[in-house]
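S.K.: Sequence first, predicted model second:
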Amino acid sequence: MKSEYLNFYNNLVKLTTNKLLYEGISNKQDSFSDRLTLFLFHFAFILKEFKSDENEKKLQELYDFNFRQLELTIREIGYGDQSINKKMKDYINVFHGIISEIHFWNKITLNEKRQKLSIFLENFQNIEYLVEYFDKFNEHLSKNNLNSYLKSVSKL
C-alpha cells in the first residue's frame with residue numbers, strides 16, 4: 001500500500017465530510033449512501049480532470065486502491081460476503097454512471113448540471129449549492145496537478 005494513496009483516499013473522505021454539503025438534505029440525516037455518492041462525485045471529478053497518458057497508471061492504481069478501501073469500509077459496517085460483492089458492483093456502476101454524466105461538465109448549462117446531480121443525489125434539496133460547489137471544485141482541480149492531491153490535504 002502506498003502511503004500517498006492512503007493520503008489521497010483520506011483527502012477524499014475529508015472533502016466528503018464537509019457539513020455544508022449536507023445542508024438541505026431531505027430527511028435531515030445523511031446516510032452512508034449519501035456520503036458515498038458525494039465521495040464518488042469528488043473522485044469522478046478528479047479522474048476527469050487529471051485523465052491523461054501521463055497519469056494513466058497512477059489513476060488506475062488510485063481507482064483500485066479507493067475501491068479496495070470502500071470494500072473494507074463496507075466490511076467494517078458489517079455486511080456479509082455475499083452482500084459486499086453486490087454492493088461493490090452497485091457502487092462501481094454508480095461511479096461509472098457519475099463519470100459518464102459529468103464528462104462534459106464544463107460545456108453544459110446550469111440546468112443540465114442540476115439534472116445530472118439530481119440523478120444521483122435524490123435526498124438533496126439544495127442542488128444549486130452542490131452545482132456551485134462542484135463548479136468551484138472542478139475549477140480548483142484545473143489549477144493544480146494530481147501530485148498536489150496525493151501529497152497534501154485539499155482546501156477549497
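M.R.: Yep, it's here.
S.K.: moving C-terminal of the strand or helix carrying residue 8, what's the next helix or strand?
M.R.: According to DSSP states H and E, residue 8 maps onto helix 3-16. Beyond helix 3-16 in the direction of the C-terminus, DSSP H and E gives the next helix or strand as helix 32-50.
S.K.: Let's check: the centremost residue of this structure is which one?
M.R.: The structure's the chain has its C-alpha centroid closest to residue 40; by CA atoms, centre = their mean the separation is 2.5 Å.
S.K.: The helix holding residue 8: how far from the chain's middle?
M.R.: Averaging C-alpha positions (CA atoms, centre = their mean, to the nearest Å) puts helix 3-16 11 Å from its chain's average.
S.K.: any idea of the mean pLDDT for it?
M.R.: For helix 3-16, mean pLDDT is 88.
S.K.: Would you mark the buried spots in that helix?
M.R.: Using 16 or more other CB atoms under 10 Å as the test for burial, helix 3-16 gives 4, 5, 8, 9, 11, 12, 15, 16. C-beta here means a position set from N, CA and C on the backbone, and glycine is covered the same way.
S.K.: just the residues you listed now: which is nearest residue 88?
M.R.: Closest to residue 88 out of these is residue 9 (15.7 Å), distances taken as CB to CB.
S.K.: Tell me who's in contact with the closest one.
M.R.: Neighbouring residues of residue 9 by CB atoms under 8 Å, 6 or more residues apart in numbering: 65, 66, 69.
S.K.: Let's see that with 10 Å instead.
M.R.: Contact partners of residue 9, counting by CB atoms under 10 Å, 6 or more residues apart in numbering, are 39, 43, 62, 65, 66, 68, 69, 70, 73.
S.K.: Now, the residues you listed that are in helices?
M.R.: Among the contacts of residue 9, the ones falling in helices (DSSP state H) are 39, 43, 62, 65, 66, 68, 69, 70, 73.
S.K.: pLDDT weak spots in the chain?
M.R.: For the chain, the stretches flagged by pLDDT under 70 are 1, 27-30, 152-156.
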